[in-house]
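Engineer: Sequence plus predicted model, see below.
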Amino acid sequence: MANSSSSKFDQSRADEYGRQSRIALAGYDACHELCACMLAASGIAAEGARILVVGAGGTAGEIIAAARLEPSWSFVAVDPSPAMAEVARANLAGAGLTERVEFIEGSLGEIATDAPFDAAIMIGVLHHLPGEIAKHEILVQLAERLKAGAPLVLAGNYRAYRSEPLLLAAWAQRWRMNGAGPDEVRTKMDRILQGAEPPRSEEAVAALLAEAGFEAPLRFFSSLFWGAWFTRRASATPASHT
């Protein structure tokens, strides 16, 4: 997740992140697995590909899935939250992947642009960033660190939460299904509604990607407000907003 939202992911939230994420996102593990499958199917080198993973703190599920599918890939993972990074490192160690992952506790801007990556994964980041400019800037920074034509798998919430009351109500029922009482459900939904707004539509996601220098995205997974898309870096990258 990005620097502006890293304070939300303190130690208490990091400790429960894996369980809570699998409740909040029906199909959490399937999404990570399909992200790996999309990259493997995209035509990038099976041998020695370097993958940039943005917002990798927490379960590190996207790295674990991709690493198991392609044993020769290596990863550079970046996340600004110390607590989330610690959980991710522990999960990577448990999966025997420590040697294949360089973990940077900081922001995407700290990664050099002179050694572009073969592909990138960014899951659950964009909807935590407040405002269109912050969303645009992280995508531009990502494009600047990819080879021309390199694939990006992007996943996160889209649609304004209040715009789809039935989906929002179903989300609340998902928590109830997993044992949350009325007060806990209400607290969780209030937190969602008070947080940063995700892109307002799938068309808005496509527009953000186009403005940052990516091709039209293909959605390959969805779950309530959540979507996952495959795209590629275009040959030229637009300038950042000022």
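Structural biologist: In hand now; what should we look at?
Engineer: how about the residue lying closest to residue 160 once chain neighbours are set aside, secondary structure?
Structural biologist: Spatial nearest neighbour of residue 160, excluding adjacent residues (C-beta to C-beta, 6 or more residues apart in numbering): residue 200 at 5.1 Å. Quick note: C-beta positions are derived from backbone N, CA and C, even for glycine. Secondary structure assignment for residue 200 (DSSP: H, G, I helix; E, B strand; the rest coil): coil.
Engineer: Could you find the closest non-adjacent residue to residue 46?
Structural biologist: Per C-beta to C-beta, 6+ apart, closest to residue 46 is residue 70, 6.1 Å.
Engineer: Likewise for residue 33?
Structural biologist: residue 65 (4.9 Å).
Engineer: Likewise for residue 73?
Structural biologist: Using C-beta to C-beta, 6+ apart, the nearest residue to residue 73 is residue 49, at 4.9 Å.
Engineer: For the one you found, list the residues it contacts.
Structural biologist: 70, 72-74, 118-119 (C-beta atoms under 8 Å, 6 or more residues apart in numbering).
Engineer: Report the backbone C-alpha coordinates of stretch 16-36 in CSV.
Structural biologist: Provided in CSV are the C-alpha atoms of stretch 16-36 (Å, rounded to 0.1, in the frame of the first residue of the first chain):
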residue,chain,number,x,y,z
GLU,A,16,-5.0,-10.0,11.5
TYR,A,17,-4.6,-9.0,7.8
GLY,A,18,-4.6,-12.5,6.3
ARG,A,19,-7.8,-13.7,7.9
GLN,A,20,-9.6,-10.4,7.5
SER,A,21,-8.6,-10.1,3.8
ARG,A,22,-10.0,-13.5,3.0
ILE,A,23,-13.3,-12.4,4.5
ALA,A,24,-13.4,-9.0,2.9
LEU,A,25,-12.5,-10.4,-0.5
ALA,A,26,-14.4,-13.6,-1.5
GLY,A,27,-11.9,-15.4,-3.7
TYR,A,28,-8.8,-13.8,-2.2
ASP,A,29,-6.5,-16.7,-2.9
ALA,A,30,-8.0,-17.4,-6.3
CYS,A,31,-7.3,-13.8,-7.3
HIS,A,32,-3.7,-14.1,-6.4
GLU,A,33,-3.4,-17.4,-8.2
LEU,A,34,-5.0,-16.0,-11.4
CYS,A,35,-2.8,-13.0,-11.3
ALA,A,36,0.2,-15.4,-11.4
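Engineer: Contacts for that stretch, please.
Structural biologist: Taking C-beta under 8 Å, 6+ apart as the rule, stretch 16-36 contacts 9, 13, 58-59, 61-62, 64-66, 68-70, 84, 87, 121, 123-124, 153, 155, 171, 174-175, 178, 220-221, 223-224, 226, 228.
Engineer: which is the next helix or strand following the lowest-mean-pLDDT helix or strand in the chain?
Structural biologist: In the chain, no helix or strand scores lower on mean pLDDT, DSSP states H and E than helix 11-24, which sits at a mean of 71. Using DSSP states H and E, the helix or strand that directly follows helix 11-24 along the chain is helix 28-41.
Engineer: neighbours of the residue nearest to residue 109 when sequence neighbours are not counted, just the number please.
Structural biologist: Using C-beta to C-beta, 6+ apart and skipping the chain neighbours, the partner closest in space to residue 109 is residue 141 (5.8 Å). Applying other C-beta atoms under 10 Å, we find 18 residues neighbouring residue 141.
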